[in-house]
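*Asks:* next comes the sequence, and after it the predicted model I'd like to discuss.
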Amino acid sequence: MASDNLITAGMTGLEEVGHDILSLRTLFVNVVFIGEPGSRNWVLVDTGMASFTDQILHVASERFPGPPSAIILTHGHFDHVGTVIELEQFWGVPVYAHPLELPYLTGVKDYPPADPSVGGGLMARLSFAYPNEAINLDDRIFSLPEDHSIPGVSGWEWLHTPGHTPGHVSLFRKEDRILIAGDAIVTVKQESLWSVLLQDKQLHGPPAYFTTDWQAAHQSVQHIRRLEPIVAVTGHGHFLTGEMLRDSLERLDLDFEQTAVPDHGKYLD
């Protein structure tokens, strides 16, 4: 397992998580490449912020000889689907998400608007301006397989981890207990601009300003904790490993109401 260090300076936002897992930060959200370097069997998990298409394509071309087998979306919030239409059109590959997420990815239904009243910092206060409109992938988006497999790569399964969104999923590989968590958990206080700029590593619940079901969010944290992951790659922040991850998950679970759930907000009930 590679050490928890950036490959290059923090400006690039590249982290080698393992021999076949690479994380790329697009502004303040991560996309994940799963696949052995040089392999034709690989997938992209999430597509990050808009305007990062060229960076994602560059990293992909440096690492793999061809397009991915599929694009997997943990959920459809704007910062996780910002380049999905451009990448799908360029590569011509299928996109997969949980069935409950499809209305937000086919133009049928908008997400509830962000809640800037949850507190925690400037990122939360500015969230009134974050897009919540559905995108439309039309017939290019498919439901994840019912057997919980991940199309295009073996050994991985998807887990339904709702709360942040109804159809949020995380990915898990039992062989080495690596988790790709999306926004079910994050390793930076995403509500705080200062924490985001510093990429201060500390486990948190999902970004509060877009989380609409806190009971489900806590249950998802408990689900993740029961898996006993050794590595967790999250949608925001650096990846966590080992004892720090285990202890942080325990604290987050036990203190969820006090540390993750905001004191006020329109989605608390």
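*Replies:* Perfect, I can see it now.

*Asks:* and residue 25, what element?
*Replies:* Per DSSP states H and E: residue 25 is located in strand 21-26.

*Asks:* strand partners (parallel or antiparallel) of that strand?
*Replies:* Next to strand 21-26 in the sheet, as set by DSSP bridges, lie strand 14-18 (antiparallel), strand 29-34 (antiparallel).

*Asks:* average pLDDT for the last one?
*Replies:* Okay, so that is strand 29-34. Here strand 29-34 scores 98 as its mean pLDDT.

*Asks:* so which of the strands paired with strand 21-26 is nearest residue 213?
*Replies:* In terms of CB to CB, the element of the strands paired with strand 21-26 nearest to residue 213 is strand 29-34, at 20.8 Å. For every residue, glycine as well, the C-beta is placed using N, CA and C.

*Asks:* who touches the closest one?
*Replies:* With contacts defined as CB atoms under 8 Å, 6 or more residues apart in numbering, strand 29-34 is touched by 13, 17, 20-24, 42-49, 56, 59-60, 63-64, 79-80, 153, 156, 171, 180, 233-237.

*Asks:* where does the chain have low pLDDT?
*Replies:* Scanning the chain for pLDDT under 70 picks out 1-12, 269.

*Asks:* how far is the strand holding residue 25 from where the chain is centred?
*Replies:* Taking the mean of its C-alpha atoms, strand 21-26 sits 11 Å from the chain's own mean (CA atoms, centre = their mean, to the nearest Å).

*Asks:* bridging residues for residue 30?
*Replies:* residue 25.

*Asks:* going forward, the N-terminal residue is numbered 881.
*Replies:* With the count now opening at 881, the last piece we talked about shows up as residue 910.

*Asks:* from residue 1098, how far out is it?
*Replies:* The gap separating residue 910 from residue 1098 is 23 Å, by CB to CB, to the nearest Å.

*Asks:* with that, I have no additional questions.
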